[in-house]
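>>> coords please:
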Amino acid sequence: MVWRAFSIHHRTPSFHVQRNLTGLRYRDEILRQLAVPTLQQMGQQAVYQDDNARHHRARVVNDFLQQSGVNRMEWPACSPDLNPIENLWDELDRKVRSNHPTPRDVQHLYQMLQAEWQALPRRIFTTLVNSMRTRCVECQNSQDGYTHY
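Presented below is the predicted three-dimensional model:
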């Protein structure tokens, strides 16, 4: 089966711009405005992934995604080892911190993130995607312990 996955993560690199992200805000500001329209453009085989954070699993979010016809990936709780986006966020965080001054405001942070995202080498994405099999095997073998991811 061929499928495409789409993931939006609300976290911004260690600047904590969105400290109080609630289910309502997540639905209205992220899902409704960005994620669902993008998923709809990707087609019926698109799959949405989140990380089981409390606001991702709020009833208003679950209801909205179901009503929007979004295919949602089942994801085990507390499983950052399986989610390569965490590594990508860390890389983006390092790039922003090393190449830019402290942001003046949210718009300035957004501009810095956009610039560094565009500059990330394609090999980082490929490496992370290709690591999924190893991640899964290592998680399975760790018996609920830590992995090197």
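
>>> Show me what secondary structure element comes after the helix or strand where residue 107 lies.
Residue 107 is part of helix 106-119 when elements are defined by DSSP states H and E. Using DSSP H and E, the next helix or strand after helix 106-119 towards the C-terminus is helix 122-130.

>>> Which strands or helices does that next one pack on?
Counting by 3 or more Cβ pairs under 8 Å, 6 or more residues apart in numbering; DSSP states H and E, the packing neighbours recorded for helix 122-130 are helix 85-99. For the C-beta atoms, the positions are set from N, CA and C on the backbone; glycine is no exception.

>>> From residue 54, how far out is residue 116?
Using Cβ to Cβ, to the nearest Å, we find residue 116 at a distance of 28 Å from residue 54.

>>> more neighbours, the two?
Neighbour count, other Cβ atoms under 10 Å: between residue 116 and residue 54, residue 116 has more, with 20 against 11.

>>> Skipping adjacent residues, who's closest to the more buried one in space?
Leaving out its chain neighbours, the residue that sits closest to residue 116 by Cβ to Cβ, 6 or more residues apart in numbering is residue 95, at 4.2 Å.

>>> what does the average pLDDT come to for stretch 98-118?
Mean pLDDT, computed over stretch 98-118, is 90.

>>> Can you point out the buried residues in that stretch?
Across stretch 98-118, burial judged by 16 or more other Cβ atoms under 10 Å covers 103, 109, 112, 113, 116.

>>> just how off-centre is it within its chain?
How far stretch 98-118 lies from its chain's middle: 18 Å, per Cα atoms, centre = their mean, to the nearest Å.

>>> Any chance you could give me it in CSV, C-alpha atoms only?
Listed next in CSV are the C-alpha coordinates belonging to stretch 98-118 (Å, rounded to 0.1, in the frame of the first residue of the first chain):
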residue,chain,number,x,y,z
SER,A,98,23.9,29.3,16.1
ASN,A,99,23.0,31.5,13.2
HIS,A,100,20.6,34.1,14.6
PRO,A,101,20.2,36.5,17.6
THR,A,102,17.4,35.9,20.1
PRO,A,103,14.1,36.7,18.2
ARG,A,104,12.4,40.0,18.9
ASP,A,105,8.9,38.5,18.5
VAL,A,106,7.0,35.6,17.0
GLN,A,107,7.2,37.0,13.5
HIS,A,108,11.0,37.3,13.7
LEU,A,109,11.2,33.7,15.1
TYR,A,110,9.0,32.5,12.2
GLN,A,111,11.3,34.2,9.7
MET,A,112,14.4,32.6,11.2
LEU,A,113,12.8,29.2,11.3
GLN,A,114,11.7,29.5,7.7
ALA,A,115,15.2,30.5,6.6
GLU,A,116,16.9,27.6,8.5
TRP,A,117,14.2,25.1,7.3
GLN,A,118,14.9,26.0,3.7
